[in-house]
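K.L.:
turn this into a model:
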Amino acid sequence: MTQQPQVSDPTTNLPTVLVVDDSRLMRRMIIAGLEAEGTIKVVGEAEDTTQARQMIKALNPDVITLDVEMPGMNGIDFLKKIMELRPMPVIMVSTLTAAGADVSLAALQIGAFDAIQKPAGREDVARFGHALREKVRLARQSRIAPRTMSSTPRRAGQPQPIKRTGPMPNFGGGQVELIAIGASTGGVRAVTQMLEPLPHQTPPIVITQHMPETFTSRFAERLNATLRHNVREATEGEVLAPGSVRIAPGGTHLKVERTNGRLVTTFDQSGPISGHKPSVDVLFNSVSTSAGASAIGVILTGMGRDGAAGLRTMRNAGATTFGQSEDSCVVYGMPKIAFELGAVSEELDLREIPHRICDFLNLGTAIKSA
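P.N.:
Numbers count the residues shown, from 1 in each chain. This is a model prediction of the structure:
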């Protein structure tokens, strides 16, 4: 039998969570992990989406944990309903399999706050609980946009506000050799929305998105199926070509070097930077050396500070740098630190970034007709 919903304590300011999973054992493990430190309150648990829908209305939780595979309406279909009717932070709980990665990525592109892998064994339970608590605390403070929100910028009426820190370089078109992008929490959806409007004739694009090894190749495959660009997980020693998008493999730092006048991908197997491997800082620092003023850097939504210092290095080398605005971020962490460091040439709404890039590439008409 499913535990009856608890009444949320109005006197506490603890994050409240609804746990949705058809496995009683998994619900017990998730609840134990969430409540281990007494800093998170589980207000209810549901074994299917019908119960979950009722509990969301009755309990108004701050965050939901949702199994990707559920009886009746599956987790993805339920997430779509949530994001359309009542957007709120949802953390997907998945298995460490290719199928689990595919479903989790679909959820992240729909608008799930984050995804976490179920423990593979007893030794993983403590790690799982700690990671889940961190995600819940961050999710409670996040900005979740409705799924129906268009990624196409509003061109009529007032332009979107732009925050500038100093003069912008003037490329005059044709001088940009490389676009480097870094993202973390909320980045799967942000990267997708940023790349969708870009025409195929852009300079090569390299991306470091914080995600596990199983996820990066699947992410590349999903983008390749929908974008006009050639999208793949990066490989060692590839000469970067226009119209290509290369994503850093999970567990490997991606760098770009100049060899015989050409930009080439290379890997760095050193330890994590700021707790991340791949690290955005490693990518941005390498681009500052290899491409200098002929690069564009973009830092998107994510917690922490990875990429902020690297973006400043790019800007100091003459690159144009963009940061995602607070209002359009799921988590205004990395872009905030980058802006405070003076690493960002312009901070603007996510929907405006591809248009500003095309302005610098003299591709404005191409993006409008894309």
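
K.L.:
tell me which residues in the top helix by length along the chain are buried?
P.N.:
Scanning the chain for the longest helix, with DSSP state H as the assignment, gives helix 125-140. By neighbour count on 16 or more other C-beta atoms under 10 Å, the buried set for helix 125-140 is 128, 129, 132, 133, 135, 136, 138, 139, 140. Where C-beta positions appear, they are placed from N, C-alpha and C, glycine not excepted.

K.L.:
ditto for stretch 54-61
P.N.:
55, 56, 59, 61.

K.L.:
one more: stretch 313-322?
P.N.:
Buried residues in stretch 313-322, defined by neighbour count with 16+ other C-beta under 10 Å: 313, 314, 315, 317, 319, 320, 321, 322.

K.L.:
could those be laid out in a markdown table, adding secondary structure and pLDDT?
P.N.:
Output for these, formatted as a markdown table (DSSP: H, G, I helix; E, B strand; the rest coil; pLDDT from 0 to 100):
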| residue | secondary structure | pLDDT |
| --- | --- | --- |
| 313 | helix | 98 |
| 314 | helix | 98 |
| 315 | helix | 97 |
| 317 | coil | 96 |
| 319 | coil | 95 |
| 320 | strand | 95 |
| 321 | strand | 96 |
| 322 | strand | 97 |
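
K.L.:
pretty sure residue 292 sits against residue 315.
P.N.:
No: in this structure, residue 292 is not within contact of residue 315 by C-beta atoms under 8 Å, at 10.8 Å.

K.L.:
just give the closest residue to residue 328, not the sequence neighbours.
P.N.:
Nearest residue to residue 328 in three dimensions, chain neighbours excluded: residue 350, at 4.1 Å (C-beta to C-beta, 6 or more residues apart in numbering).

K.L.:
what's the neighbour count on that neighbour?
P.N.:
Applying other C-beta atoms under 10 Å, we find 26 residues neighbouring residue 350.

K.L.:
so where is the stretch 251-370 of the chain shaky, pLDDT-wise?
P.N.:
For the stretch 251-370 of the chain, residues meeting the criterion pLDDT under 70 lie at 364-370.

K.L.:
which stretches in it count as helices?
P.N.:
Using DSSP state H, counting those that start in this stretch, the helices of the stretch 251-370 of the chain run over 280-290, 308-316, 334-340, 353-361, 364-368.

K.L.:
which of those is buried the deepest?
P.N.:
Among the helices of the stretch 251-370 of the chain, helix 280-290 has the highest mean neighbour count (mean count of other C-beta atoms under 10 Å), at a mean of 26.

K.L.:
hmm, who's touching that helix?
P.N.:
Outside helix 280-290, the residues within contact range by C-beta atoms under 8 Å, 6 or more residues apart in numbering are 178, 180, 182-184, 206, 208, 210, 248, 253-258, 263, 266, 268, 273-274, 295, 297, 299, 306-311, 313-314, 316-317, 319, 334.

K.L.:
and for residue 35, the neighbour number?
P.N.:
For residue 35, the tally of surrounding residues (other C-beta under 10 Å) stands at 16.

K.L.:
isn't it up against residue 45?
P.N.:
No: the criterion here is C-beta under 8 Å, and residue 35 misses it with residue 45 at 11.7 Å.

K.L.:
please save the CA atoms from stretch 321-332 in PDB.
P.N.:
Coordinates of each C-alpha in stretch 321-332 appear next as PDB, following Å, rounded to 0.1, in the frame of the first residue of the first chain:
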ATOM      1  CA  THR A 321      31.800  36.500 -24.900                       C
ATOM      2  CA  PHE A 322      28.100  36.100 -24.100                       C
ATOM      3  CA  GLY A 323      26.500  35.100 -20.800                       C
ATOM      4  CA  GLN A 324      22.900  33.900 -20.300                       C
ATOM      5  CA  SER A 325      20.700  36.400 -18.400                       C
ATOM      6  CA  GLU A 326      19.400  35.600 -14.900                       C
ATOM      7  CA  ASP A 327      15.800  35.600 -16.000                       C
ATOM      8  CA  SER A 328      16.400  33.000 -18.700                       C
ATOM      9  CA  CYS A 329      18.600  30.700 -16.600                       C
ATOM     10  CA  VAL A 330      17.400  27.600 -14.700                       C
ATOM     11  CA  VAL A 331      20.400  28.200 -12.400                       C
ATOM     12  CA  TYR A 332      22.100  31.600 -12.500                       C
END
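
K.L.:
and it, how far from the chain's centre?
P.N.:
Computed by C-alpha atoms, centre = their mean, to the nearest Å, the chain-centroid distance of stretch 321-332 equals 11 Å.

K.L.:
stretch 92-105: end-to-end distance?
P.N.:
End-to-end distance for stretch 92-105: 10 Å, by C-alpha to C-alpha, to the nearest Å.

K.L.:
now swap in stretch 264-273 and tell me
P.N.:
End-to-end for stretch 264-273, by C-alpha to C-alpha: 22 Å.

K.L.:
quick one: contacts for the residue nearest the centre of the chain?
P.N.:
The centroid of the chain falls nearest to residue 187 when counting by C-alpha atoms, centre = their mean (1.4 Å). Applying C-beta under 8 Å, 6+ apart to residue 187 gives the contacts 209, 210, 300, 301, 302.

K.L.:
gap between it and residue 76?
P.N.:
19 Å (C-beta to C-beta, to the nearest Å).

K.L.:
ok so, going back, which one of the buried residues of helix 125-140 is nearest residue 80?
P.N.:
Among these, residue 139 lies closest to residue 80 (C-beta to C-beta), at 18.3 Å.

K.L.:
the closest one and residue 91 touch, don't they?
P.N.:
Yes: counting by C-beta under 8 Å, residue 139 touches residue 91, with 6.2 Å between them.

K.L.:
good, wrapping up.
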